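[1] just the structure for this:
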Amino acid sequence: MTEQKNAGMQDINQLLKVRRTKLSELQESGNDPFQIMKYSTSHHSQDIKDNYNTLEGQKVSLAGRIMSKRVMGKAAFCNIQDLKGNIQSYVARDSVGEEEYKAFKKFDIGDIVGIKGEVFKTRTQEISIHASEVILLSKSLQILPEKFHGLTNTELRYRQRYVDLIVNEEVKDTFIKRSKIISEIRRYLDGQGFIEVETPVLVPNAGGAAAKPFDTHYNALDEDVHLRISLELYLKRLIVGGLEKVYEIGRVFRNEGLSVRHNPEFTLLELYQAYTDYYGMMDLTENLFRHVAEEVLGTLLISYSGVEIDLSKPFERLTMVEAVKKYANIDFDEIKTEAEAKVLADKLNVHYEARHKKGDILNLLFEEYVEEHLVQPTFILDHPVEVSPLAKRKPSNPEYTERFELFITKREMANAFSELNDPIDQRGRFMAQEELKALGDEEANSVDEDFLNALEYGMPPTGGIGIGIDRFVMLLTDSAAIRDVLLFPTMKSLDK
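    Coordinates of the predicted model:
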């Protein structure tokens, strides 16, 4: 096996050497492809295929990468791949010229070329280009993965996304869809009167979520700062300032583990709307998900891991207590004290920490018994105050808050509140978080005095929501892991 591997490496090294020799010969003859500055194109491959009836016999020009080549004496076929797909080109010596054809025969798989010619169909009815010009625009000095096996090593795919995009068409389609998804989110929110804003990435106080931040240092100010873990507290300052409807789509950073659902840096949408509550946010969320799915996929019935997800029906709404009763047959309304909650957790072998209170136990029961059942779109309402430091308490039951999370395919897709606008209550919640931090909870919030100062000027009743863009893209592209929808996911350095 080792001898075969070594022989294979020698073969590859020889092929790489041949490519560099070809480049040197081109440069010595005054035909350095890297000196070409631009190439004008009239169409992409799919445009030609879609409009064949009007383009037949017409001159076109396109550029792309050679993905296959078959030389048959005085003529050859090659397949050119560009942004929108691929198309065959027929290259004949009598059409491009003897010297040009001689040069073309030396082109390699992976080389980037420009082609001009007439649109026609071959005898097998394949739409093609009869080339009158083929120009080498960039020399590929590396070798693409073997055609039929492709780039299948997932870690290598993530590290070398540029190769992944070249050889795996479905990967390119995923990231084109990602771009469309974000565009449609913006289009919908702009149409609803929201204003897109930008807030700081480096912050003195990383709040708005339960997460451990990354730390860094401002040399110019000689101050330690953090990378933001959410967008919330600055956007709420803008609601105080009277902007009424604001949103931001941006990167946030959480110093936590990696999994199929988590990446330390990810893209988050947060929006805030004055004079509404979490019910208004539920309606907005349903409409947003439907709009984006319809515009990007053309359907509200989507397939994820072989399961049909129906976005057309009203999303189910359950309180957390109702969900635990429905799926675990536990009536948490009968639990009156923290001690009773911990006795119940012990009985069910649900692990908790000494600092956990009654509401924390309910949340743990939900995670243990309910999440795995939430495949179809479901809003889980009314979370305990202990796990919701920035949400308004329910007037009818102050132990709970006006907060919901949206679950689809067993995953949290959105998190929303009737936002807490009482600065006195907010200070008390921050202080409770400080106590947790003192007990070793690295994800607890700290007191943000400037945010409290903003609240003291008066923030109107407000609804707010956060939606993880990456998980939304996973849903609409049927992607199993978050790394599949991040162009450059976090990876451990190869030299570690």
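[2] tell me the phi and psi of residue 217?
    Backbone dihedrals for residue 217, given as degrees, to the nearest 10, come out at phi -140, psi 130.
[3] list the contacts of the nearest residue to it once chain neighbours are set aside.
    In space, and not counting its chain neighbours, residue 217 is closest to residue 224: 5.4 Å by Cβ to Cβ, 6 or more residues apart in numbering. C-beta here means a position set from N, CA and C on the backbone, and glycine is covered the same way. Contact analysis of residue 224 by Cβ atoms under 8 Å, 6 or more residues apart in numbering lists 215, 216, 217, 218.
[4] give me the contact list for the biggest strand by length in the chain.
    Identified as the longest strand of the chain according to DSSP state E is strand 59-72. Applying Cβ under 8 Å, 6+ apart, the external contacts of strand 59-72 come out as 39-45, 48, 76-82, 86-87, 105, 107-119, 129, 132, 137, 140, 144, 147, 166.
[5] and that strand, which residues are buried?
    Using 16 or more other Cβ atoms under 10 Å as the test for burial, strand 59-72 gives 60, 61, 62, 63, 64, 65, 66, 67, 69.
[6] on that earlier part again, rounded mean pLDDT for the helix or strand where the residue nearest to residue 217 lies, please.
    For residue 224, the host element (DSSP states H and E) is strand 223-227. Average pLDDT, strand 223-227: 96.
[7] where's it relative to the chain centroid, distance-wise?
    Relative to the chain's own centre, strand 223-227 is displaced by 26 Å; criterion: Cα atoms, centre = their mean, to the nearest Å.
[8] neighbouring strands - and their directions - for it?
    Sheet pairing of strand 223-227 (DSSP bridges) gives strand 202-203 (antiparallel), strand 215-218 (antiparallel).
[9] let me see the mean pLDDT of the first one.
    What strand 202-203 shows for mean pLDDT is 96.
[10] ok, stretch 405-416 next?
    For stretch 405-416, the mean per-residue pLDDT is 97.
[11] got it, and stretch 65-82?
    Summarised as a single mean, pLDDT over stretch 65-82 is 97.
[12] measure residue 456 to residue 359 for me?
    27 Å (Cβ to Cβ, to the nearest Å).
[13] higher neighbour count, these two?
    residue 359 (21 against 13; other Cβ atoms under 10 Å).
[14] which residues does that one contact?
    383, 384, 385, 386, 387, 399, 400.
[15] now those residues in a markdown table, with pLDDT?
    Formatted as a markdown table, these follow (pLDDT from 0 to 100):
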| residue | pLDDT |
| --- | --- |
| 383 | 98 |
| 384 | 97 |
| 385 | 94 |
| 386 | 92 |
| 387 | 92 |
| 399 | 96 |
| 400 | 97 |
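[16] format the residues you listed as TSV; extra columns: secondary structure and neighbour count.
    Formatted as TSV, these follow (DSSP: H, G, I helix; E, B strand; the rest coil; neighbours: other Cβ atoms under 10 Å):
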residue	secondary structure	neighbour count
383	coil	24
384	strand	21
385	helix	23
386	helix	22
387	helix	19
399	strand	13
400	strand	22
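[17] quick check: the farthest pair among the residues you listed?
    Using Cβ to Cβ, the contacts of residue 359 span at most 11.5 Å, a distance reached by 387 and 399.
[18] partners of the longest strand of the chain, with directions?
    Neighbouring strands of strand 59-72 in its sheet, by DSSP bridges, are strand 75-82 (antiparallel), strand 112-121 (antiparallel).
[19] just checking, next helix/strand downstream of the longest one?
    Put plainly, it is strand 112-121. Assigned by DSSP H and E, the successor of strand 112-121 is strand 127-138.
[20] the first one too?
    The element immediately downstream of strand 75-82 (helix or strand, assigned by DSSP H and E) is strand 85-92.
[21] how's this protein carved up into domains?
    2-144, 167-315+377-485 (automatic domain parsing).
[22] now the first one: how far from the chain's centre is it?
    Looking back up the chat, that one is domain 2-144. 33 Å.
[23] so where's the stretch 301-450 of the chain uncertain?
    The stretch 301-450 of the chain contains no residues with pLDDT under 70.
[24] quick one: the strands in it?
    Taking DSSP state E, counting those that start in this stretch as the criterion, the stretch 301-450 of the chain carries its strands at 301-304, 307-310, 316-319, 378-381, 393-394, 397-401, 403-408, 411-418.
[25] mind listing residues that contact the first one?
    To tie it back to what came earlier, the one meant is strand 301-304. Residues outside strand 301-304 that contact it (Cβ under 8 Å, 6+ apart): 293, 308, 309, 310, 311, 312, 409, 475, 476, 478.
[26] of all the residues you listed, which two lie farthest apart?
    312 and 478 (17.8 Å).
[27] quick check: the gap between the residue nearest to residue 217 and residue 438.
    19 Å.
[28] hmm, back to that, so can I have JSON lines of the domains of the chain showing distance to residue 159?
    Output for these, formatted as JSON lines (distance: least, Cβ to Cβ, whole Å):
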{"stretch": "domain 2-144", "distance to residue 159": "14"}
{"stretch": "domain 167-315+377-485", "distance to residue 159": "11"}
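[29] could you tell me the angle between the helix or strand containing residue 239 and strand 411-418?
    Assigned by DSSP H and E, residue 239 belongs to helix 232-240. Interaxial angle, helix 232-240 versus strand 411-418 (axes from the mean of the first three to the mean of the last three Cα atoms, to 10 degrees): 40 degrees.
[30] now residue 277. Nearest residue, chain neighbours left out?
    residue 418 is the one closest to residue 277 (Cβ to Cβ, 6+ apart), at 4.1 Å.
[31] pretty sure that neighbour is touching residue 393, no?
    No - if you go by Cβ atoms under 8 Å, residue 418 and residue 393 don't touch, sitting 9.2 Å apart.
[32] returning to what we had before: make JSON lines out of the contacts of residue 224 and add neighbour count.
    Listed next are the contacts of residue 224 as JSON lines, based on neighbours: other Cβ atoms under 10 Å:
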{"residue": "215", "neighbour count": "11"}
{"residue": "216", "neighbour count": "11"}
{"residue": "217", "neighbour count": "10"}
{"residue": "218", "neighbour count": "11"}
